[in-house]
Each structure stands twice: as structure tokens, then as C-alpha cells.
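Visitor: Everything below, folded, please.
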Amino acid sequence: MKKGIHPEYYENNVTLTDGSTIKIYSSVKKDMILSTDYLNHSAWTGQRVNTGEKGQRAERFKNKFAGFNF
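Guide: Below is the predicted model:
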């Protein structure tokens, strides 16, 4: 590797939504506090937020573009 062209890396703390912290390395020296992470995001938890809208989005799309011939 060439010397002098790579950024410095800093150890940063990331605070998760449950209060626990993890250490990461980044070229930006800044600690982070997450509002969304794997503990509460539906992609990891499997919970759906809009289950009451089942089928309504497709119906709204059909109504919106009813005059077009697809």
C-alpha cells in the first residue's frame, strides 16, 4: 500500500435502540445513536406495520390509473 494516501481510521461507539453499544471503525470520528436498527426494524423482526392495508394499495393504484390502457 502507498503511504500517505489512505485516511486514518478511528474507533467509534454506536448506541443501539436498547442502550447497548458496539464499536466500529470509521474514517469519520463521530459516535452515533441509532433510532432504527436490527432490534426494531421490520426487516429483521418480521413484524409488519401496515397489516390493516392489505390489498388497499393495489386498489388505490388501479383507481389512480384506471383511464390508462396498460
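
Visitor: residues touching Asp37, list them.
Guide: Leu16, Thr17 (CB atoms under 8 Å, 6 or more residues apart in numbering). C-betas here are computed from N, CA, C, even on glycine.

Visitor: Where does the prediction get shaky in this structure?
Guide: Within the chain, the segments meeting pLDDT under 70 span 48-54, 70.

Visitor: Just the helices from it, written as ranges.
Guide: For the chain, the helices defined by DSSP state H occupy 42-45, 56-64.

Visitor: Take those and lay them out in TSV including distance to Asn12 and mean neighbour count.
Guide: As requested, the helices of the chain are exported to TSV (distance: least, CB to CB, whole Å; neighbours: other CB atoms under 10 Å):
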stretch	distance to Asn12	mean neighbour count
helix 42-45	22	10
helix 56-64	39	10
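
Visitor: Relative to Thr21, which of the ones you listed is closest?
Guide: helix 42-45 (18.6 Å; CB to CB).

Visitor: Could you tell me how far that closest one lies from the centre of the chain?
Guide: Mean-position distance between helix 42-45 and its chain equals 10 Å (CA atoms, centre = their mean, to the nearest Å).
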